[in-house]
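1. Just need the structure, nothing else, for what follows:
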Amino acid sequence: MSDLRINNSDRSTSLFTKTNTHYSVYGSEGHCLIFIHGVGLCSEIWHPQVEYFSKKYMVVTYDFLGHGLTPPSSQTPTIKDYVEQLNDLVESLGISSFSLIGHSMGAIISVAFGLKYQDKVKCLIPLNIVYKRSLNARKEVLERANKILKTGQIGNIEQTLSRWFKNKTQPDQIIKVNMVRQLLLGASPKGYGEAYKLFAKSDYIFENLLGNLSMPVLYLTGGDDPNSNSKMSSEMAKESPKGLSKSIENEAHMMAFIAPEKVNMLIKNFLEENE
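-> Numbering: from 1, shown residues only. Next up is the predicted model:
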């Protein structure tokens with residue numbers, strides 16, 4: 001994890017809410033952007049976005065339940081618990097309006113938050129979100145989650161990395177792959193397993209609900225992402241009143257980390273179009 005840490009004078013380091021959510025704030029002016037990481041990762045994964053967006057925006061990153069420096073829930077968490085964790089954070093910071101960017105499991109949290117707290121979210125940007133998997137795919141993910149919880153070990157890390165970083169073999173890309181490998185190796189099996197099991201069961205929770213989203217929504221995914229694919233994002237965009245979907249060619253699940261120059265520009269343009 002240390003390889004990902006950001007040396008930035010604007011950063012507030014190791015801050016915690018009263019309910020023990022670990023978070024960081026970058027920049028000090030402009031509209032607020034909040035970033036939510038995915039399963040097995042932590043807030044440090046947003047390093048490329050922090051560097052890019054904190055020049056203009058106030059940027060907040062945090063570790064969700066059982067990840068990074070945030071302890072796990074005292075009981076098996078539900079999607080509501082992750083949503084209320086974020087709401088507790090924004091309430092403690094006194095932030096009443098912000099744009100929300102979530103990746104993978106973080107994308108699911110972001111949509112769930114947007115549905116419950118419509119008045120707080122100006123723009124919503126789910127990255128690499130999953131929606132209506134096939135029953136077999138859903139079963140496979142659930143089996144992996146249950147195995148992690150049963151054994152207390154996060155297995156298949158190399159297979160995960162191969163899927164997340166498809167065809168990324170250049171030296172500078174390998175450095176980033178190794179960074180994520182270290183995060184996964186250091187992740188809490190309990191926190192990972194609980195979040196992953198919920199992730200496995202959450203691909204249908206927004207069915208017939210996306211029409212209630214009132215804010216502009218940009219669904220972004222990678223053309224090489226086999227699980228959070230462009231068909232899913234396109235379907236979600238069609239069901240969202242102000243929805244738009246884009247697929248980034250030659251990128252997979254970790255596109256925001258390994259190809260930020262592609263992802264950041266699309267986020268920037270969308271935010272500026274909806275200012």
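
2. How many residues are close by the residue lying closest to residue 263 once chain neighbours are set aside?
-> Nearest non-adjacent residue to residue 263, counting by Cβ to Cβ, 6 or more residues apart in numbering: residue 256, 4.6 Å away. Where you see a C-beta, it was placed from the backbone N, CA and C, and this is true even at glycine. Neighbours of residue 256 under the rule other Cβ atoms under 10 Å: 27.

3. What is the end-to-end distance of stretch 116-130?
-> This stretch, stretch 116-130, spans 19 Å end to end (Cα to Cα, to the nearest Å).

4. right, and residue 117 touches residue 87 too?
-> Yes: using Cβ atoms under 8 Å, residue 117 is in contact with residue 87, at 6.4 Å.

5. my guess is residue 220 is in a strand, correct?
-> Yes: the assignment for residue 220 (DSSP: H, G, I helix; E, B strand; the rest coil) places it in a strand.

6. And the residue nearest the centre of this protein?
-> The chain has residue 103 as the residue nearest its centroid, 2.4 Å off, counting by Cα atoms, centre = their mean.

7. Remind me which helix or strand residue 99 belongs to.
-> Here residue 99 sits within strand 98-103, counting by DSSP states H and E.

8. Give me the average confidence score over the helix or strand immediately after that strand in the chain.
-> Moving toward the C-terminus from strand 98-103, the next helix or strand (DSSP H and E) is helix 105-116. On average, the pLDDT along helix 105-116 is 98.

9. got the contact list for the helix or strand following helix 105-116?
-> Downstream of helix 105-116, the first helix or strand assigned by DSSP H and E is strand 121-127. Contacts to strand 121-127, defined as Cβ atoms under 8 Å, 6 or more residues apart in numbering, come from residues 31, 97-104, 106-108, 110-111, 113-114, 213, 215-221, 233, 236, 255-256, 263, 267, 270-271, 274.

10. neighbouring strands for strand 121-127, and are they parallel or not?
-> strand 98-103 (parallel), strand 217-222 (parallel) (DSSP bridges).

11. what about those, which gets the closest to residue 40?
-> With Cβ to Cβ as the criterion, residue 40 lies closest to strand 98-103 of the strands paired with strand 121-127, at 11.4 Å.

12. quick one: that closest one to helix 105-116, angle?
-> Following axes from the mean of the first three to the mean of the last three Cα atoms, to 10 degrees, one obtains 140 degrees for the angle between strand 98-103 and helix 105-116.

13. Contacts for strand 98-103, please.
-> By Cβ under 8 Å, 6+ apart, strand 98-103 touches 31-38, 41, 45, 49, 60, 90, 108-111, 113-114, 120-129, 256, 267, 271.

14. Now do that strand: distance to the chain's middle.
-> Offset of strand 98-103 from its chain centre (Cα atoms, centre = their mean, to the nearest Å): 8 Å.

15. so where do the helices sit in the protein?
-> Along the chain, the stretches classed as helices by DSSP state H are 47-53, 79-93, 105-116, 135-151, 157-164, 171-186, 189-201, 230-239, 255-258, 260-273.
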